[in-house]
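# got a predicted structure here, sequence first:
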Amino acid sequence: MIPVPHFGAIWVYLAGTPLLGLTLTLFAYLIAQRIYAACRFNPLANPVLIAVAIVVVVLETSGTAYETYFDGAQFVHFLLGPATVALALPLYRQLPNLGRLALPIFASLAAGSLTAIVSAVSVATLLGASRQSIASLAPKSATTPIAMAVAKEIGGVPSLTAVLVITTGVFGAVAARGILNLLHVTEVEARGFALGVASHGIGTARAFQVSEDMGAFAGLGMGLNGIFTAFVVPVLLPVLSRLL
Amino acid sequence: MLAALATLLVFQCLGEGLSYLFHIPAPGPVVGMLLLLAYLGLRPASVAALEATALELLRHLSLLFVPAGVGIMVSASALRGDVVPVVLSVAISTTLAITVTALVMRAMLRRQRGPSDKTGERA
């Protein structure tokens, strides 16, 4: 008689290969997309938030370590690099807009990006956060690969920064509609650009959900703020920590 | 599709290489994006070959954040006692950043266009 292996044994075997982490990530994302669609793309049903929650619950209940999971999930994570390069295409399409609206775009980029950095560092400092937490927090509005690289440079913890960047993205994607309606901002350019500057790729994904135009402006905001943050945070953080 | 993906990776490699070689503070993929943007400006014909793949990759941008987001399992402990300050900081600063960006953009747009012309669409 062939012994029937215990379910746990199969899990342990599969968890040892990259297959499980990859499958789990894609499945959780597909379920999250379904839920998002079922909620008629309400920003509260943010797909990143739901997918992360599903994966964390599965890993915690099965006692699987994050490192084991990441062995498989790294293939998805890796695509953030090419996806960042791919942003050149929507940006290229926006070049005529960039020329026409250069002044509004660069003025609001500088104002919004500096607000994000200075307010994040100030609030955390005033509430007594450690130097390391503050350094991990400072680049949080930039897209993940940029923020992680900046955090490493200024003495933060890149893996913590990744989580804070995603928290920022989810918070912005969920809250932007309410904030912008409260301010009576109706211009598509301003709504999209604000989403991209404040909450990078997750805000951009949310903006594309509303309309392609809004998505393009969000993509522009994310790309420009990524570059702006990468150059400004390493210079600004030492100045801020001396002042605060 | 494969050729387009290869092109994206080539530009990422170029970006990583230049960033490392010249100690550019911006990370490799961002330098790669700028190089690709410059290349598209010089050769607009290549847009058609890359666009479908690039947009498909960006359509699932949310998916790419999931593995790093799950990292909350381990990196939350790096926060130690700083959970409350950090969470409050994220919420307050993201709200302020959205507010300031949108208001400055709107003010500048209105100045540029004149007060009469408003476009309306809601998120």
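Structure received.
# the residue most central in space within chain A: which element?
For chain A, A:Ile166 is the residue whose C-alpha lies nearest the centre (Cα atoms, centre = their mean; 3.8 Å). Taking DSSP states H and E as the definition, A:Ile166 sits inside helix A:158-182.
# contact partners for the closest residue to A:Arg206 other than its chain neighbours?
Among residues not flanking A:Arg206 along the chain, A:Ala173 sits closest, at 3.9 Å (Cβ to Cβ, 6 or more residues apart in numbering or on different chains). C-beta coordinates here come from the backbone N, C-alpha and C atoms, glycine included. Neighbouring residues of A:Ala173 by Cβ atoms under 8 Å, 6 or more residues apart in numbering or on different chains: A:43, A:46, A:48, A:195, A:199, A:202-203, A:205-206.
# and the two most separated of those?
By the measure Cβ to Cβ, A:Val48 and A:Leu195 form the most distant pair in the contacts of A:Ala173, at 14.0 Å.
# and these two? which has more neighbours close in?
For A:Val48 versus A:Leu195, the count of surrounding residues by other Cβ atoms under 10 Å in any protein chain shown is larger for A:Leu195: 35 against 27.
# wait, A:Gln179 sits on B:Thr99?
Not quite, residue A:179 is Ile, not Gln. Yes. Contact criterion Cβ atoms under 8 Å: A:Ile179 and B:Thr99 qualify, at 6.2 Å.
# overlap of the contact sets of the two?
Between them, A:Ile179 and B:Thr99 share no contacting residue under Cβ under 8 Å, 6+ apart.
# for chain B, what spans make up the helices?
With helices called from DSSP state H, chain B shows them at B:2-21, B:28-42, B:47-59, B:61-64, B:66-70, B:72-75, B:83-113.
# before we move on, what about chain A?
Assigned by DSSP H, the helices in chain A fall at A:7-15, A:18-38, A:47-62, A:66-78, A:80-86, A:88-93, A:95-100, A:102-126, A:131-137, A:144-153, A:158-182, A:188-210, A:212-243.
# determine which of those approaches B:Leu58 most closely.
The nearest among the helices of chain A, by Cβ to Cβ, is helix A:80-86 at 5.8 Å.
# so which elements touch that closest one?
Under the contact definition 3 or more Cβ pairs under 8 Å, 6 or more residues apart in numbering or on different chains; DSSP states H and E, helix A:80-86 sits against helix A:144-153, helix B:2-21, helix B:28-42, helix B:47-59, helix B:61-64.
# how does it look with 10 Å?
helix A:144-153, helix A:188-210, helix A:212-243, helix B:2-21, helix B:28-42, helix B:47-59, helix B:61-64 (3 or more Cβ pairs under 10 Å, 6 or more residues apart in numbering or on different chains; DSSP states H and E).
# what angle separates the longest one from helix B:28-42?
Between helix A:212-243 and helix B:28-42, the angle formed by their directions is 140 degrees, by axes from the mean of the first three to the mean of the last three Cα atoms, to 10 degrees.
# repeat for the first one
Inter-element angle recorded for helix A:144-153 and helix B:28-42: 130 degrees (by the same axes, to 10 degrees).
# count the residues that sit near A:Pro18.
Neighbours around A:Pro18, by other Cβ under 10 Å: 16.
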